[in-house]
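Peer 1: any chance you could fold what I've pasted below:
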Amino acid sequence: MTDAATESDTPVAGPPDGGPGATGAAEIGWLRAALSSVAILAVGTLGCVYAPNLILNQLDGLSPDVRSYLATGLVVAVVLLMAWGLRRLQARRLI
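Peer 2: Numbers count the residues shown, from 1 in each chain. Reported below is the predicted structural model:
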């Protein structure tokens with residue numbers, strides 16, 4: 001038979017990746033948050049808008065279908081890499 005008081009007194013740690021249930025206050029300020037968001041938006045814009053536009057308009061040696069596949073692949077790759085990278089930065093409490 002277990003003692004209910006002892007079970008409730010044991011501390012429960014949050015998940016190791018800093019997800020829901022983790023304890024601790026936010027460690028970044030407003031300036032850092034604003035600069036981080038500007039950098040994230042710049043990378044997203046370059047990788048998902050500007051670079052695919054250059055691929056579609058500047059690669060003359062390829063057929064239009066191949067250019068559209070390359071541009072689409074680049075957008076998907078950038079979105080996936082940003083999602084993975086942002087999750088890693090969040091787990092380390094850098095953003």
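Peer 1: could you list the residues in contact with stretch 28-38?
Peer 2: 93-95 (CB atoms under 8 Å, 6 or more residues apart in numbering). All C-beta atoms are positioned from the backbone trio N, CA, C, and that covers glycine.
Peer 1: does Arg93 belong to a helix, a strand or coil?
Peer 2: With DSSP: H, G, I helix; E, B strand; the rest coil as the basis, Arg93 sits in coil.
Peer 1: counting neighbours, what do you get for it?
Peer 2: Counted with other CB atoms under 10 Å, the neighbours of Arg93 add up to 12.
Peer 1: tell me, what residue is most central in this protein?
Peer 2: By CA atoms, centre = their mean, the chain has its centre lying nearest to Leu86, at 2.3 Å.
Peer 1: that residue: what's it in contact with?
Peer 2: Counting by CB under 8 Å, 6+ apart, Leu86 has contacts 40, 95.
Peer 1: look up how far Tyr69 lies from it.
Peer 2: Distance of Leu86 to Tyr69, given as CB to CB, to the nearest Å: 26 Å.
Peer 1: count of neighbours near Asp60?
Peer 2: 6.
Peer 1: also Asn53?
Peer 2: By other CB under 10 Å, 11 other residues sit near Asn53.
Peer 1: just the pLDDT for it.
Peer 2: pLDDT, Asn53: 95.
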